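> Got a predicted model here, sequence first, then my questions.
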Amino acid sequence: MVLKLKEKKLKQKNVMVKSISLLLTGLLIMLFGVFGTVTVARAAGKTYYAQYNGSNSVEVNYTKGSETKKISKGEILKKGDKITAKNKAMYLYIDSGTAQVVNTNASFTLDKDYAYQSAYEQADGFSAVNLETPKISSISIQDMSVAANSYKTISYSIKGNITDENLKVKISVSSGEGALALYYDYECTRPVSPNDEIPKGTYIYAKGLKIGTATVSVTSVFDTTKSDNCTITVTPEEYGLRIGSNENVVTSVNKSGDGWSFDPSTTLRKATIKLEDSKKKQTSDSHAAELRFKTTNPKIAKVDKNGKITGVAAGSCTVYAYARNGLSRKVKVTVTK
């Protein structure tokens with residue numbers, strides 16, 4: 001009878017253990033079902049040291065292996081990191097607020113991410129460390145124009161209280177993609193992707209594809225709420241005429257059908273100056289240029305002082321080349337679209 005009673009109690013105990021085990025398993029399954037994931041606490045943060053080095057010099061550093069590394073302005077200290085007043089009591093200023101006093105060899109734990117700004121010795125002998133909330137203070141991109149089948153660098157800027165490494169941007173054509181394309185090189189062989197994280201100061205080239213307008217946007221990678229956009233106008237393609245060469249023809253002709261082009265059959269007569277009396281001398285450039293140029297209709301084509309002609313609108317006009325003595329030669333210019 002005694003043995004059977006013990007066996008019965010033992011079985012009841014095993015049943016209770018199994019029941020408790022099943023209950024715990026059920027609770028775990030319920031927790032996973034409700035929350036989906038289990039959050040693991042972040043490992044202890046990095047420790048930084050505000051160290052007085054004499055001669056009013058204070059630096060903030062940390063140890064990595066056997067090396068001591070000094071941090072630079074704009075570096076980001078993470079939430080949970082600590083700043084220790086290594087060999088002198090410290091005033092810790094956060095966002096220019098009231099100083100937190102940290103005694104020698106004591107530490108202050110950061111409640112969020114901050115950007116390091118400066119460290120110095122105060123007049124009362126305390127070390128001082130300045131931290132600020134990381135932020136992008138400004139971001140901008142400038143309107144511009146570029147000729148069809150030509151390229152120009154885009155002018156953009158980004159500023160903040162963080163290191164240049166964190167001042168990356170994304171640049172993309174947000175509208176008017178058919179008129180413009182963006183590249184990393186002036187040869188326009190490496191296109192810019194909208195998801196590229198572009199380091200501060202990287203040259204970006206805009207190439208005009210056809211006449212029209214495009215909107216280009218620039219956005220901070222660090223703070224995506226900071227962005228700006230500009231309008232880039234693609235203007236008619238520019239061409240130049242040379243005077244004085246043997247051929248005297250348009251230097252280039254648009255063959256793609258985009259933009260504007262000159263009629264390639266149009267040529268300019270050779271413009272040279274020949275003195276009738278070789279003993280006489282020409283007047284100087286201060287009196288008049290050796291050759292001057294004029295267009296009969298600047299609304300069709302413009303010409304600069306070097307004889308470079310730019311198409312403005314479809315049509316025809318005449319461009320004259322004048323010598324100092326008033327003699328001239330002309331060429332008919334046809335601008336087509």
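Thanks, I have the structure now.
> Is Gly74 in a helix, a strand, or coil?
Of the three states, Gly74 takes coil according to DSSP: H, G, I helix; E, B strand; the rest coil.
> if I look at the nearest residue to it once chain neighbours are set aside, how far off is Ile204?
Distances taken as CB to CB, 6 or more residues apart in numbering place Thr163 nearest to Gly74, at 3.8 Å, with adjacent residues excluded. Quick note: C-beta positions are derived from backbone N, CA and C, even for glycine. Distance, Thr163 to Ile204, using CB to CB, to the nearest Å: 21 Å.
> Between the two, point out the one with more neighbours.
Comparing Thr163 with Ile204 by other CB atoms under 10 Å, the one with more neighbours is Ile204, at 20 against 17.
> what's the nearest residue to the more buried one if we skip its chain neighbours?
Distance criterion CB to CB, 6+ apart; nearest residue to Ile204, sequence neighbours excluded, is Ile154 at 4.7 Å.
> Backbone dihedrals for that neighbour, please?
Main-chain dihedrals, Ile154, degrees, to the nearest 10: phi -80, psi 140.
> hang on, it packs against Lys207?
No - if you go by CB atoms under 8 Å, Ile154 and Lys207 don't touch, sitting 10.8 Å apart.
> Could you verify my assumption that Glu75 touches Asp164?
No - between Glu75 and Asp164 there is no contact under CB under 8 Å: 11.0 Å.
> more neighbours, those two?
Legend: neighbour count by other CB under 10 Å for Glu75 and Asp164, higher for Glu75 (18 against 12).
> For that one, which non-adjacent residue is spatially closest?
Sequence neighbours aside, Tyr116 is the residue nearest to Glu75 in space, at 5.1 Å (criterion: CB to CB, 6+ apart).
> that older thread, overlap in contacts of Ile154 and Lys207?
Leu182 (CB atoms under 8 Å, 6 or more residues apart in numbering).
> Low-confidence ranges, the protein, go.
Residue ranges of the chain with pLDDT under 70: 1-44, 238-288, 324-327, 337.
> Next up, the contacts around Ala179.
Contacts for Ala179 (CB under 8 Å, 6+ apart) come out as Gly208, Leu209, Lys210, Ile211, Gly212, Thr213, Ala214, Val234.
> These, buried ones only, as a ChimeraX selection?
Selection command for ChimeraX covering only the buried members of those, criterion 16 or more other CB atoms under 10 Å:
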select :208,209,210,211,212,214,234
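> Could you dump the contacts of Ala179 into CSV with distance to Ile71 and secondary structure added?
Supplementary listing: those in CSV, determined by distance: CB to CB, whole Å; DSSP: H, G, I helix; E, B strand; the rest coil:
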residue, distance to Ile71, secondary structure
Gly208, 45, strand
Leu209, 46, coil
Lys210, 50, coil
Ile211, 51, coil
Gly212, 48, strand
Thr213, 45, strand
Ala214, 41, strand
Val234, 46, strand
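> isn't Asp164 right next to Ile198, touching?
No - using CB under 8 Å, Asp164 makes no contact with Ile198, being 11.9 Å away.
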